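1. Sequence and predicted structure, then a few things I'm wondering about:
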Amino acid sequence: MRPGASGPPAPPRLPRLRSWMSRRSAVDRAEPHTPAAPGRRGFWNAVARALRLLTAAAGLAAIAVCLGTAARRVGYPYALEWLEGNSLVEVHRLLAGKPLYCPPTVDYVADGYPALYFAAAAGLAGVLGVSYLPLRLVSLAASLACFVLLARLVQRETGHLTAGVAAAGLYAATYFAAGTWFDLARVDSLFLAFSLAGLYTARWMRRPRGAVAAGLLLAAAFLTKQSALAEAVAITVALLFDPQRRRLAALLAATFAGVLGLTTLLWGAVSHGWYVFYVFGLLSQHPLEHAAFTRFWSWYLLPTLGLALGAVLLAVRRIPLILALGCLALTVEGYAALLHTGGAVNSMLPVYAAVASLAGIGMAGSTAGSTAGPRSAAADLPAAAASTLVLLQIVILAANTFALGQVVPTAADRRVGDQLRAWLRGFGGPVAVFSDPGLLLLAGLPPVAHRAAASDILRGTSRTAQARLRRSIGSAVTERRFAAIVVEQRADQQGFPPHLTRYYRRCPQKLLAAVPNKVFRPVAGLPVRPMTLWLPAGRGSCEAAVRRLG
């Protein structure tokens, strides 16, 4: 606003896709559009409004199912997804004053993520105690923030609250298709919440403080999951196309880069370089999963949001450049994460959110503040079509993916977990459960390295890190440091010395043999559970140990 001007500042006028993707033909420019008949115009306007309202109601139902499911399982004391165990260990280390980034050993290997999610969960765990509850509460709150941000982003862009609610509901409807990852004790939902907040702030910022806020939010997204770098770059590029906001683009970029530089220098120095290794180096060492190039489309995107993509196409001429590039960056982030070996459906969360936001814009006849008179009426028909596509997408997802009974652990799961926890304590010494170190922590025992985190090291290219980890594992085995080793499959023994049988013997009895196969398995991700017991050679009785478990 100029000095001395009065009244609220006008919203920024950003470049739209129409200005750089498509130009009207010469005939279109020469011949003025003929306004639609008033009766016909009113009919399609009423249809579009009714469909938006109906889609918003379906979206609210999807949000209710998502939140209701999360509420039923947020307090489950054991892992809902097998990677949660390492998140719990990392929160415990922060509360115990131990380093989060350190050389990989048999006792601990860090996840390859920055520390913000674990720090936030540790702050809550300091009040509620060390369990999965505070970690999941952070993710659940972040998911709620994602719903609100998507709704507000689309509402402010289109002027229609119903379109915003429908967009949030479309994202919520992907909860089951996304492996119910929204409320798990992992970094993804908090990362996405900061990413959407940064995009929203950058879209509507008018002053330098808005640019600083957007830079801080995008930096927080990066400090939760480093793939947020793509979004920060895309938003900065979009702002550079707006002559009135180039200075704000520079301030946003400087804020983002400053936070990243300072935290990298600080954590890099404190960790003796291991922070840089885990956050910046480790992922780049992993090979690409070539099948994921097509699996992204054929497994994850088109079967889940294929109809919603049609609504995006109907909106493509009305999407502001900053939203177009921001959502494209979110999609690229998900695609890139999925391409690396170990990539899974959680990588699709930013992609689903991006599609949901753009589909919501497609549900509106015109964007907020549009001055197109007759042409805004002509947009009612595609708006009705987009609303129909989004509504059908929510209904199809609900019919084909909603499986409430399969994602909430039962009382039997809890009973078996309690038995396993008591059984582990009964060995009277350290026990190794590489597929679920969180179970050790809950049993009051020292945790060990998570199998997935150790695999990240062993399939990387750093010989120094690999040698450190193999030496540590070898020493623990030859010294018979563990009173027992519990494995789920042979992959749990990756990195073990080839002469393991000289120091430990494999018990022939199968653990939990009398327990139904589906009981005490994570309801998301890999369905691992303890299967085989190894005892130190010459110590203890396999039969007695297995019998003690019942």
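-> Ah, there it is. Numbers count the residues shown, from 1 in each chain.
2. Hmm, residue 77 is touching residue 413, no?
-> No: taking C-beta atoms under 8 Å as the definition, residue 77 is not a contact partner of residue 413, at 9.9 Å. C-betas here are computed from N, CA, C, even on glycine.
3. Give the next helix or strand downstream of the strand or helix carrying residue 156.
-> For residue 156, the host element (DSSP states H and E) is helix 132-158. Toward the C-terminus, helix 132-158 is succeeded by helix 161-173 as the next helix or strand (DSSP H and E).
4. Could you name the helices and strands sitting against the following helix or strand past that following helix?
-> The helix or strand immediately downstream of helix 161-173 is helix 188-204, counting by DSSP H and E. Under the contact criterion of 3 or more C-beta pairs under 8 Å, 6 or more residues apart in numbering; DSSP states H and E, helix 188-204 touches helix 116-128, helix 132-158, helix 208-222, helix 229-240, helix 321-339, helix 349-362.
5. which of those is buried the deepest?
-> The highest mean neighbour count among the helices and strands packed on helix 188-204, using mean count of other C-beta atoms under 10 Å, belongs to helix 349-362: a mean of 29.
6. got the angle for that one vs helix 321-339?
-> 150 degrees (axes from the mean of the first three to the mean of the last three C-alpha atoms, to 10 degrees).
7. just the angle between helix 349-362 and helix 132-158, please?
-> 30 degrees.
8. any low-confidence regions in the stretch 1-150 of the chain?
-> Under the criterion pLDDT under 70, the flagged ranges of the stretch 1-150 of the chain are 1-41.
9. could you say what helices and strands the helix holding residue 156 packs with?
-> Using 3+ C-beta pairs under 8 Å, 6+ apart: helix 132-158 touches helix 38-73, helix 84-95, helix 116-128, helix 161-173, helix 188-204, helix 349-362.
10. Could you rerun that using 10 Å?
-> helix 38-73, helix 84-95, helix 116-128, helix 161-173, helix 188-204, helix 321-339, helix 349-362, helix 437-442 (3 or more C-beta pairs under 10 Å, 6 or more residues apart in numbering; DSSP states H and E).
11. Buried residues in the longest one, which are they?
-> Of the residues in helix 38-73, 41, 44-45, 47-49, 51-52, 55-59, 61-63, 65-67, 69-70, 73 count as buried by neighbour count, 16 or more other C-beta atoms under 10 Å.
12. go on, stretch 416-423?
-> Those buried within stretch 416-423 under the rule 16+ other C-beta under 10 Å are 416, 417, 419, 420, 421, 423.
13. next one: stretch 293-304
-> Applying 16+ other C-beta under 10 Å to stretch 293-304 flags 296, 300, 301, 304 as buried.
14. from those residues, which ones fall inside strands?
-> Among the buried residues of stretch 293-304, no member falls in strands (DSSP state E).
15. Which members of the residues you listed occur in helices, if any?
-> In helices, defined here by DSSP state H, the members of the buried residues of stretch 293-304 are residue 304.
16. Columns pLDDT and distance to residue 258 on top of the buried residues of stretch 293-304, output as JSON lines?
-> Below are the buried residues of stretch 293-304 laid out as JSON lines (pLDDT from 0 to 100; distance: C-beta to C-beta, whole Å):
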{"residue": "296", "pLDDT": "93", "distance to residue 258": "34"}
{"residue": "300", "pLDDT": "95", "distance to residue 258": "35"}
{"residue": "301", "pLDDT": "96", "distance to residue 258": "35"}
{"residue": "304", "pLDDT": "97", "distance to residue 258": "38"}
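17. my guess is residue 289 meets residue 340, correct?
-> Yes: at 6.6 Å, residue 289 and residue 340 qualify as touching, with contact defined as C-beta atoms under 10 Å.
18. Please name the residues that touch the most centrally placed residue in the chain.
-> Nearest residue to the geometric centre of the chain (C-alpha atoms, centre = their mean): residue 188, 2.4 Å. By C-beta atoms under 10 Å, 6 or more residues apart in numbering, the contact list for residue 188 reads 113, 117, 139, 142-143, 178, 181-182, 224-225, 337, 346-350.
19. tell me which of the residues you listed is nearest to residue 499?
-> Of all the contacts of residue 188, residue 113 has the smallest distance to residue 499: 34.7 Å, by C-beta to C-beta.
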